[in-house]
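J.: below are the sequence and a predicted model; questions follow.
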Amino acid sequence: LALRRRYWSHDTNSVFIAQSNVAGCLDSLGRFEEALVLEREIYARHVAKFGVLHEGTIVSGLNLSITLNKSKRWGEGLQFVRDLLPEARKLLGADHDATLDLNQNLAAAIVNGSNGTRDKLLEAVTIMRDVVQRRRRVFGPAHPITVDAERFLNRLLGIIANPRIK
């Protein structure tokens, strides 16, 4: 990354890719706070260079939202995804993989940041039902990301079925 910044600083896409790869490695190592610093920088640079309505900006925002959730910053992640989703829908459409991933991250942030209130869980279930339906239609029922979304939805439905949830 340092070499890319030093010798190829004019090639911003190359620097973005290198930064994203480093952030992904940090994330894989469980070093979420360090990954979060890079993801924030990548997103800010994308916004500055391309604006919010750009696929690269949406994808870098998706990566940032994933890292926010993994860092247990659900409130910040929730607000960030709520702000980014309309832009993703406008640019990419509701059936695009990145838009669906943002919706799934929104549901996860709602569930984890809500202290288990029934209303919030029901909101997450509604979001996930839509995600699962779209993933089945776009990717097919056997696709791994469809199966993962169904698993998450079923987990939420199991939590809702608990009579102690108010």
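T.: Cool, got the structure.

J.: which secondary structure elements does the host helix or strand of F80 contact?
T.: In the assignment (DSSP states H and E), F80 maps to helix 74-92. The contact analysis (3 or more C-beta pairs under 8 Å, 6 or more residues apart in numbering; DSSP states H and E) places helix 74-92 against helix 55-70, helix 97-113. Using the backbone N, CA and C atoms, a C-beta is placed for each residue, glycine as well.

J.: mean pLDDT, mean neighbour count and distance to I127 added to those, as TSV?
T.: Converted to TSV, these look like this (pLDDT from 0 to 100; neighbours: other C-beta atoms under 10 Å; distance: least, C-beta to C-beta, whole Å):
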stretch	mean pLDDT	mean neighbour count	distance to I127
helix 55-70	95	22	14
helix 97-113	95	22	4
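
J.: could you redo the ones you listed as TSV and give each row distance to E34?
T.: Shown next, in TSV, are those (distance: least, C-beta to C-beta, whole Å):
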stretch	distance to E34
helix 55-70	10
helix 97-113	20
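
J.: how far out from the middle of the chain is the longest helix seen in the chain?
T.: Secondary structure of the chain read by DSSP state H shows that its longest helix is helix 118-139. Centroid displacement of helix 118-139 relative to its chain, using C-alpha atoms, centre = their mean, to the nearest Å, is 15 Å.
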